[in-house]
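S.K.: Sequence plus the predicted model coming up.
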Amino acid sequence: GENVEQHPSTLSVQEGDSAVIKCTYSDSASNYFPWYKQELGKGPQLIIDIRSNVGEKKDQRIAVTLNKTAKHFSLHITETQPEDSAVYFCAASLYNFNKFYFGSGTKLNVKP
Amino acid sequence: SAVISQKPSRDICQRGTSLTIQCQVDSQVTMMFWYRQQPGQSLTLIATANQGSEATYESGFVIDKFPISRPNLTFSTLTVSNMSPEDSSIYLCSVDIRGKYNEQFFGPGTRLTVL
């Protein structure tokens, strides 16, 4: 089955700096890669996703890049703000199959 | 997007008892999912619940321990049976709202502590 590894497990940045979280996956057939943000006491919130026919996707301060050859994808947050502090999870799945394989999570702390 | 609610939001239970968690969506969805998130850990899929059919369980999860109901397109329940402290986790439901494969949206979760 699919194995998703996520790094780093914790990330501390200064407000205004950029943050990058990286994930690798093992199954080359995976073709959908969502990112979730989980704040304390809440359920995960879908913040951005990418499909394997696209190399990069942006939404305001958030971007995701995908390298299918290397089987890794990354979340980029620019101009970080304290409200970006949360745990971020990456996931991989095969299109038309709803089973998600989640990474282990990254706790992002944005210091004001 | 849709509004997904779960009840209860949290509970503290005694070992050996059972707890039923409810998940309600404000729109009709075909696929609903139940996840477990152990303290400080990632999310693990327990089962997929489609209306009108038996739930499909992932490896390591069995129907006797986690019975699931899906009586209609907006509601599902997960029961955690004969609980032990190892069942202490956050239980999350998610839904595929737009009928597009892969896009899952999560409820707020039920935080369960078993003493």
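M.R.: Yes, it's here. Numbers count the residues shown, from 1 in each chain, chains lettered A, B, ... in the order given.
S.K.: quick one: contacts for the residue of chain A found nearest chain B?
M.R.: Nearest to chain B in chain A, going by C-beta to the nearest C-beta, is residue A:43, at a distance of 3.8 Å. All C-beta atoms are positioned from the backbone trio N, CA, C, and that covers glycine. Residue A:43 makes contact with B:4, B:92, B:106-109 under the criterion C-beta atoms under 8 Å, 6 or more residues apart in numbering or on different chains.
S.K.: Please apply the same query to residue B:96.
M.R.: A:98, B:29-33, B:102-104 are the contacts of residue B:96 under C-beta under 8 Å, 6+ apart.
S.K.: Just the helices from the chain, written as ranges.
M.R.: Assuming you mean chain A. Using DSSP state H, chain A contains no helices.
S.K.: Which of the contacts of residue B:96 lies at the shortest distance from residue B:21?
M.R.: The closest of these to residue B:21 turns out to be residue B:32 (C-beta to C-beta; 12.1 Å).
S.K.: for residue 83, what are its contacts?
M.R.: Picking chain A for this. Contacts of residue A:83 (C-beta under 8 Å, 6+ apart): residue A:110.
S.K.: Switch to chain B, please.
M.R.: Shown in contact with residue B:83 (C-beta under 8 Å, 6+ apart): B:13-19, B:112, B:114.
S.K.: ok, 7 Å please
M.R.: B:13, B:15-19, B:114 (C-beta atoms under 7 Å, 6 or more residues apart in numbering or on different chains).
S.K.: With residue B:103 instead?
M.R.: So residue B:103 contacts residue B:96 (C-beta under 7 Å, 6+ apart).
S.K.: Other residues contacting stretch A:100-112?
M.R.: Contacts of stretch A:100-112 with the rest of the structure, by C-beta under 7 Å, 6+ apart, involve A:2, A:4-6, A:8-15, A:19, A:21, A:23, A:80-82, A:84-93, B:42-43, B:45, B:104.
S.K.: Show me which residues of chain B sit near chain A.
M.R.: B:31, B:33, B:42-43, B:45, B:48, B:92, B:96, B:101-102, B:104-109 (C-beta under 7 Å from any C-beta of the partner chain).
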